[in-house]
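Chemist: Take a look and give me a structure for this.
(2 chains)
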Amino acid sequence: MEQHQGECGSVLFGDELEDCLQNIREGDESSREKLIADAKPFIAGVVGRLCGRSLSWERDDELSIGLIAFNEAIDRFNEKMGVPFTAFARMVIRSRVTDYLRKESRWNRVELHMSEGLPENTISQVENDVSLERYIKETANRERIEEINDYNVKITRLGITFQELVKSSPKHRDTREALIRAACYIVEHSSLYDSLQVSKRLPMREVEMGTGISRKVLERGRKYIIGIAVLLYHREEYIYLNSYVRLPQGGAN
Amino acid sequence: MGQSRGLVLEIKKRSCIVITGDGQYLEVAKPRSGVEVGRELIFNRPEMYRFKATYLAVASIMVAVIAWWAFNAMLPRAVAYVALDINPSLELAIDVNNEIISARGVNDDGQKLLQRLDVLHEPLAKGVQKIIAGCVEYHYLNPDQENLVFATVTDAKKNKTDTKSKENVQIKEIYDCVYTSINNTINESGVDAELIVANADLDTLEKARENSVTPGRYLLQKEARKNGVQITDQELREENIRKLEVQKNFRAGELIQEQSQTGLPDQKERPNGLGKTDKPGKSDKPDKSVRFDKTDQLDNLDKSNTPVSLSPEADSANKNNQAEQNSNKSNQTNSRGKQSVPRDNGYFSEETGPGQQDRQLQNEDNAKQNSNKDSQTKAQGKQSVSQDNGYFSEKTESSQRNKYLQNEGKAKQN
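Modeler: Purely as a prediction, here's the structure:
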């Protein structure tokens, strides 16, 4: 599958991720390569955020470490862990890269991540290690709460509360799907999302033209569209939320 | 969709907000076991969110309003009030079907009478008959004294603009009904009574109620005041109208008639004010009240069958007139029903006070003096009035013609 410009089409965040992982477990190496290739921007994002700078695949070893860690995560992932694969992969990548940075001792701030990092001995131990499982669960819980709080902050910045999202949330599936399609459209056209961030208003005309959804419906679901768009735009960050909420993917394609 | 699950996003006092797998944000009841943000929550029916307080309140208010409205619609609504002043004063509320839906004694006698009589849910005519019969039975109306039955019909509708509406037709019907039924009952019972039927509007009714009198009495007080006769509220409440008449030296019939006459000029552009109030009574009123002038002559002629004859001339005039009348039989039969009224009144008036008798003698004089021209013109004047009125015009016209012929006969005789 070719690389999509937006996150919406990526295998990593798509519905077919589980199938893909299943295929890999069954020994389909092409699927593995495809997944890793798709995951490159995600890996770069996670590692870059950890290092606090933008990295390039040619120069920086950290990215290679991340790539290896991602490959490891594919092998070690188990659905019974109760954590989405992406979240698990992120944990592994962070842990590995942190270890690497600590070894290199290049940055003082590495110290800060030491406590957070996945202890090497535990990760190298057997998979069904009880402490590891508990560690993953705790981390997942913490990350999930952080995600929700961050999401709350982001929508609040756009002048929306969860309460309003409840009110704006359409009851009918058709309407909801239409509004989610509109949100997808905004996310895929980052200029629209940027203008949303700046003006805190929905770029109504563009969305109407792009999706063919009537203005009335858009107007009524304005807040819902924004709420969903924020959720979808931060697909890489809001792993837990996005894996929980199975929104129709790439609606505009 | 019994149970759903959602990720808890926010926790509130009594509820929490979740996002479901299909992208719905919902507010659901907080489980007793407690929740944390980020946990998955299994909840029943997303419909049971907070709904309750506000929607329930609104819904219950609406139900209450609808119930109240339905209740009101079910209750019979009064379209008119008929107030009777005999001595017992009563007020009857009439619904669309001319049935009495409530009866109220305005004074003590009225209440006593209503305790003895059951007029509720009777047709108006029957109820009125019952009341009159009851008055006779319980000696409120005595054969050996002069009586006055004063009925007032009030339109319960406030806006008087739609003159042609059904209600107005019904008011006329009620008016007619009250008049004929009272009249018939009085005739049957053989009690002497003067009958006045007047129309009052709702304002009058309300003001009368404030003073706890019937609209009829209130009207009387008002008219009396115009004529310089003061009746205090207390007198109005407690005194018999007949007694008041004697005391204050006025005639109720005249006063009420005056009121209707003041309305006369308006007759052409009737839809407003007094003119309209009197309308339905126009054809009746001359019969009852105008008798003091024009009608009296006719009454006297009419009185061929009454025992009282005041002069031989008049008597012979009557006889001759009778012959004339025979030739007009067809006309007469038409007007029979109407004629009975003036005859009664004439009869009663003869029996009543000396002043009235004087007046009648005067009228007799008129008859003697070949005043056919005069009476003719008067009758004609009257005719024009009744034509104006439109209502009952048929009846009145025929009686009018009859009277006109009578006058002619009289002229010939003389």
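Chemist: quick one, domains of chain A?
Modeler: A:7-128, A:155-244 (automatic domain parsing).
Chemist: Lowest average pLDDT across those domains?
Modeler: Mean pLDDT is lowest for domain A:7-128 out of those, coming in at a mean of 75.
Chemist: and that one, anywhere near chain B?
Modeler: No. Domain A:7-128 is not in contact with chain B by Cβ under 8 Å from any Cβ of the partner chain; minimum separation 10.0 Å. C-betas here are computed from N, CA, C, even on glycine.
Chemist: Ok, stretch A:176-186 next?
Modeler: Yes. Stretch A:176-186 comes into contact with chain B (Cβ under 8 Å from any Cβ), by way of A:Arg176, A:Ile180.
Chemist: Around chain A, which positions in chain B sit nearby?
Modeler: Counting by Cβ under 8 Å from any Cβ, chain B comes close to chain A at B:7, B:9-10, B:17, B:19-27, B:36-38, B:40, B:49.
Chemist: Recalculate using a threshold of 7 Å.
Modeler: Within chain B, the positions adjacent to chain A are B:7, B:9-10, B:17, B:19, B:21, B:23-27, B:37-38 by Cβ under 7 Å from any Cβ of the partner chain.
Chemist: What is the nearest of those to A:Ile225?
Modeler: Relative to A:Ile225, the closest of the residues of chain B next to chain A is B:Gly23; by Cβ to Cβ it sits at 11.1 Å.
Chemist: I figured the closest one hits A:Ile228, correct?
Modeler: Yes. At 6.4 Å, B:Gly23 counts as touching A:Ile228 under the criterion of Cβ atoms under 7 Å.
Chemist: Just want to know which of these two has more residues nearby.
Modeler: Neighbours were counted for B:Gly23 and for A:Ile228 using other Cβ atoms under 10 Å in any protein chain shown; A:Ile228 has more, 27 against 23.
Chemist: what's the helix or strand B:Val169 falls within packed up against?
Modeler: According to DSSP states H and E, B:Val169 maps onto helix B:166-189. Under the contact definition 3 or more Cβ pairs under 7 Å, 6 or more residues apart in numbering or on different chains; DSSP states H and E, helix B:166-189 sits against strand B:80-85, helix B:124-137, strand B:147-155, strand B:193-200, helix B:329-351.
Chemist: Return the set of buried residues in the helix or strand harbouring A:Asp194.
Modeler: According to DSSP H and E, A:Asp194 maps onto helix A:190-199. Buried residues in helix A:190-199, counting neighbours by 16 or more other Cβ atoms under 10 Å in any protein chain shown, are found at A:Leu192, A:Tyr193, A:Ser195, A:Leu196.
Chemist: Same question for stretch A:58-67.
Modeler: A:Asp60, A:Glu62, A:Leu63, A:Ile65, A:Gly66, A:Leu67.
Chemist: I'd say the third one and A:Arg53 touch.
Modeler: No. With contact defined as Cβ under 7 Å, A:Leu63 does not reach A:Arg53; the gap is 11.7 Å.
Chemist: who's in contact with the residue lying farthest from the centre of chain A?
Modeler: Centroid-distance maximum for chain A: A:Lys216 at 31.2 Å, with Cα atoms, centre = their mean. Neighbour list for A:Lys216: empty [criterion: Cβ atoms under 7 Å, 6 or more residues apart in numbering or on different chains].
Chemist: and it, how far is that from A:Glu208?
Modeler: Distance from A:Lys216 to A:Glu208, counting by Cβ to Cβ, to the nearest Å: 10 Å.
Chemist: Ok, A:Asp174 next?
Modeler: The gap separating A:Asp174 from A:Glu208 is 17 Å, by Cβ to Cβ.
Chemist: Of the two, which one has the most company?
Modeler: A:Glu208 (17 against 9).
Chemist: Which helix or which strand is home to that one?
Modeler: Counting by DSSP H and E, the element that carries A:Glu208 is helix A:204-211.
Chemist: For the helix holding A:Asp194, what is the distance to the chain centroid?
Modeler: The chain centroid and the centroid of helix A:190-199 are separated by 20 Å, computed with Cα atoms, centre = their mean, to the nearest Å.
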